[in-house]
Each structure stands twice: as C-alpha cells, then as structure tokens.
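A.B. asks: Predicted model follows, preceded by the sequence.
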Amino acid sequence: MRLTLVLFIGIVFFNVSIEGQTKEITTLQDLVDHAVQFNYQKVNAACNRDLAEYKVKEILSKGLPQVDVVGTMDHYPQLPTTVFPGEMMGKPGEDVALQMGKPYNANVAAGFNQLLYSQEYRTGLKAAKTTRTLYELQEVKTEEEVIYQIASLYYQYTISIQKLKTISDNLVRLEELEKITQLMVEQQVALSSDLDRIRVDLTNLRAIELQQQAMIDYQHNQLKIVAGLPVTTKLALEALNLEAPVQPEEQALVTNQLTDIRLLYTQLELQQLSEKVVKAGRYPVLAAYGQFAYDAKRDEFNFLSSQYDWFNYSVIGLRLSIPITDGGFKRSKIKQEQIKQLQTKNQIEVTQAQVFIENENARQMINNSLTMLEVQSENTQLAKKVYHQTYLQYQEGIAGLTDLLSAESSLRDSELAYYQSYLNYKVSELNLWKSQGVLKQNFNVI
C-alpha cells in the first residue's frame with residue numbers, strides 16, 4: 001500500500017512538471033518567462049550561485065569546533081628495543097638494550113580543535129561572501145543576456161514569417177500572370193518568350209521561398225534551444241503586431257547601476273579582499289585543542305575482557321603559530337593582486353565609456369530606423385499603386401511584360417525592405433534597453 005502511494009505521488013509530480021514545461025507558448029513574454037527558468041545558461045548560473053553559497057558555508061565551518069574520534073589497535077610480533085646507559089643498570093661504560101612494552105596495544109581518543117583567532121580566516125570569510133555576491137550578479141547578467149537573445153530571435157523569426165508571406169503572395173501573382181500569359185500565347189497575342197521570362201522569375205522566386213523557409217526552420221529551432229524547450233516542441237507564436245513605432249523617451253544613463261559595471265566593482269572588491277587575505281597570513285594564529293583517551297596494553301588479545309583495566313588520560317592546550325618568513329611568497333602574491341586591481345580599474349573605465357557609446361549608437365540606430373520605416377512605408381504604398389496600374393495596363397495591352405515584371409519586383413523589394421527596417425528598429429530598441437539596463441524591467445522579469 002505504501003509503495004503504491006509513493007508511486008502515485010511520483011506520477012502526479014512528474015505530470016505536473018511536464019505540464020509546466022509544455023505550457024502553450026504563443027507570445028514573446030511566454031518565451032521570456034520560460035527562458036529565464038529553463039535556459040541552460042541560466043540554470044548553470046543558478047548552480048554557480050548555489051556553489052558560492054556552499055563555499056561560504058565551507059569556509060565558515062573552519063571556524064567552528066572540529067571534533068573527531070580516533071581508534072588504533074597495534075600488534076607487535078617483536079617488541080621495540082630501547083637502549084639505556086649502563087650507569088642506570090649498574091653496568092658503567094656499557095649500553096643496555098631492553099625490549100619494553102606489551103605486544104597488544106589499543107587506544108581510543110576523542111579530540112577537538114577550536115580556532116580562536118585568525119585574521120586570515122576572518123578576511124577569507126568576507127571574500128567568500130563577496131564571491132557569493134559576484135555569482136548573484138553573474139546570474140542577473142545571464143538573465144539579461146537570455147532575454148536579449150530570445151527577444152532578438154523572436155523578432156527575426158516573426159519578421160522572417162512576414163517576409164515568407166510576401167514572397168508567397170508574389171508567387172501567387174506570378175502564377176496568375178503565367179496563366180494569363182499562357183492564354184495570350186495560345187491566342188497568339190503574346191510571345192512565347194514572354195511566358196518563358198515569367199517562368200524563369202517563378203523558378204527564381206520559388207528558390208528564394210525555399211531559402212526563406214529554411215531560415216525560418218533554423219530560427220524556430222534556435223528559439224527552442226534558447227528558451228530551454230524540448231526540441232520536439234512545435235511553437236505556435238502569434239504574428240508580430242507591426243504597431244506604429246515611437247521615439248523612446250529620454251532616460252538618464254546611470255552607469256553604476258548597470259550589471260556589467262556592478263560586476264566589475266564587485267570583482268575589484270574581491271581582488272582587494274584577496275590581497276588582504278594574503279596580508280592576513282602574516283598574523284599569528286591561535287587555536288585551542290584537547291583530547292580525552294583510553295589506553296590498554298595486553299600480553300594477549302583480550303581487550304573485551306572485564307578483568308583488565310583501560311587507562312584514561314586527557315589533555316587541553318593552546319597552540320600559537322607565528323609566521324616568521326616565507327621567502328617572499330606573500331610579497332609576490334600581494335603584488336599580483338595589486339596588478340589585477342589595476343587591470344580591473346582600467347576595465348571599469350573602458351566599460352563605462354563603451355556603455356555611453358552603445359547608448360548613443362542605439363539611439364542613433366533607432367532614429368535611422370524610424371526614418372527608414374517612414375520612407376519604406378511610403379515607398380511600399382507607391383509600389384503597390386504602380387503595380388496595380390501597370391497590371392491593368394498590361395491586361396489592356398498598353399504596358400509591356402517588362403514593365404509589369406519590374407513593377408512586381410519593385411513591390412516585393414519594397415515590402416521586404418519595410419520588414420527589414422522594422423526588424424532593425426526592434427533590435428535597436430533592444431540594444432537601447434540593454435545599454436540602459438532595463439531589459440528585465442521592460443519584460444516584467446523580477
């Protein structure tokens with residue numbers, strides 16, 4: 001009955017877990033929410049954070065009482081020999097060798113050690129806690145990177161679908177034009193070379209369609225990998241809403257609040273503590289120790305017999321260790337840590353400058369994308385108008401096939417260029433949010 005209950009509970013929890021991971025994902029927010037939990041980079045970052053937590057506990061344990069019990073049992077087939085001066089045995093000028101002890105010896109001892117003072121230990125504990133903070137920040141940075149990757153892939157994937165739709169619509173128009181031209185050739189009002197030109201364009205466009213579909217399949221698989229989804233998952237994402245883009249609001253850039261800068265400052269603090277740990281190794285170390293033991297010596301193996309006594313003894317004491325010289329080892333280590341600190345300070349300055357440049361570049365890219373979107377939107381409307389007019393003129397025999405194919409190609413190119421401009425705008429927006437450190441905030445990730 002108990003085994004049945006355990007199996008039932010296990011199956012329930014397994015189903016709940018699978019259901020949680022196979023929740024229907026239809027929006028970018030769904031992808032982000034899933035990725036920040038199950039992305040393999042995020043999972044590894046969380047593991048590193050847990051490792052740092054246990055590292056703190058490991059170092060903390062060294063300052064707590066260390067207690068152990070040790071038991072030994074020795075058998076001497078031949079007793080050790082001790083040499084005494086002859087004067088002690090009434091034989092002046094001679095050495096007297098005697099075998100002393102018992103062939104069977106047993107000892108059970110309980111001992112403890114307690115660290116009382118160690119500057120190196122105290123400073124090392126601070127360094128371990130700072131390491132924990134470092135890994136926590138690295139986890140935040142990983143979350144930001146995952147959000148950026150998943151959003152960028154999502155925009156590429158959904159825009160690729162829009163591009164495929166445009167190509168498919170062009171194929172439909174060309175196939176219709178092929179049918180019309182076929183009838184015109186049969187009625188001897190069009191040349192067969194016109195039909196051949198249309199078929200060449202159809203073949204080329206079908207090849208482009210296959211390439212676009214392959215790109216979509218690749219992006220679809222990449223989305224699943226980054227989101228931490230099973231490879232067998234079939235995403236049914238909603239179409240991207242191509243809402244009118246807006247100019248982002250001006251926002252003051254506070255570099256010290258950015259994760260990259262905070263990481264570097266935490267790394268600098270850790271390096272400074274590492275230097276202090278080395279310096280602390282020059283201080284004395286004071287520890288208390290003690291031992292309580294039972295000892296027995298026998299001529300025969302009869303330690304369990306109650307006829308013979310076990311003798312106990314105990315000892316407590318203090319141990320003071322004072323470093324004198326290490327041949328310059330600590331001095332070299334200190335110099336290494338100081339050089340690392342100088343490198344980190346330089347990296348902080350470079351990173352702060354890069355953040356400002358990335359922020360300005362992202363704003364400039366957004367402005368350029370907004371301008372291009374407006375231009376491409378107007379150009380697409382004009383291309384549609386030109387195509388429809390040319391198509392009517394072709395049916396009436398006023399315009400030639402060359403004009404119609406050119407208008408069709410211009411319409412396709414303008415639509416594809418509009419979608420590419422919209423993708424550039426969304427990626428620039430992501431870059432701006434990344435440089436401002438607001439990716440998590442804008443995607444509602446706590």
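C.D. replies: Perfect, thanks for sending it.

A.B. asks: in this structure, which spans are helices?
C.D. replies: 2-21, 28-38, 40-61, 119-186, 192-227, 259-280, 329-395, 401-436, 439-442 (DSSP state H).

A.B. asks: Any chance of CSV for the ones you listed, columns mean neighbour count and mean pLDDT?
C.D. replies: In this view, the C-beta of every residue, glycine as well, is placed from N, C-alpha and C. Output for the helices of the chain, formatted as CSV (neighbours: other C-beta atoms under 10 Å; pLDDT from 0 to 100):
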stretch, mean neighbour count, mean pLDDT
helix 2-21, 10, 42
helix 28-38, 20, 92
helix 40-61, 14, 92
helix 119-186, 18, 92
helix 192-227, 15, 92
helix 259-280, 19, 94
helix 329-395, 15, 92
helix 401-436, 20, 90
helix 439-442, 16, 90
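
A.B. asks: Which among those helices is found nearest to Tyr289?
C.D. replies: helix 119-186 (16.1 Å; C-beta to C-beta).

A.B. asks: the inter-axis angle of that closest one versus helix 259-280?
C.D. replies: 160 degrees (axes from the mean of the first three to the mean of the last three C-alpha atoms, to 10 degrees).

A.B. asks: what angle do helix 119-186 and helix 401-436 make?
C.D. replies: Using the same axes, to 10 degrees, helix 119-186 lies at 170 degrees relative to helix 401-436.

A.B. asks: circling back: and of the helices of the chain, who's closest to Tyr313?
C.D. replies: helix 40-61 (29.0 Å).

A.B. asks: Contacts for that closest one, please.
C.D. replies: With contacts defined as C-beta atoms under 8 Å, 6 or more residues apart in numbering, helix 40-61 is touched by 35-36, 121, 124-125, 128-129, 131-132, 134-136, 138-139, 142-143, 145-146, 228.

A.B. asks: and what of stretch 175-191?
C.D. replies: Under C-beta under 8 Å, 6+ apart, the answer for stretch 175-191 is Ser192, Asp194, Leu195, Ile198, Arg199, Leu202, Gln395, Gly397, Leu401, Leu404, Glu408.

A.B. asks: repeat that with 6 Å
C.D. replies: With contacts defined as C-beta atoms under 6 Å, 6 or more residues apart in numbering, stretch 175-191 is touched by Ser192, Asp194, Leu195, Ile198.

A.B. asks: which residues touch the first one?
C.D. replies: Translated: Ser192. Ser192 neighbours (C-beta under 6 Å, 6+ apart): Val185.

A.B. asks: Any figure for the gap between it and Ile198?
C.D. replies: Computed as C-beta to C-beta, to the nearest Å, the Ser192 to Ile198 distance reads 11 Å.

A.B. asks: So what's the residue count around Leu304?
C.D. replies: 6 (other C-beta atoms under 10 Å).

A.B. asks: Need the nearest residue in space to Asn361, chain neighbours excluded.
C.D. replies: Asn431 (7.5 Å; C-beta to C-beta, 6 or more residues apart in numbering).
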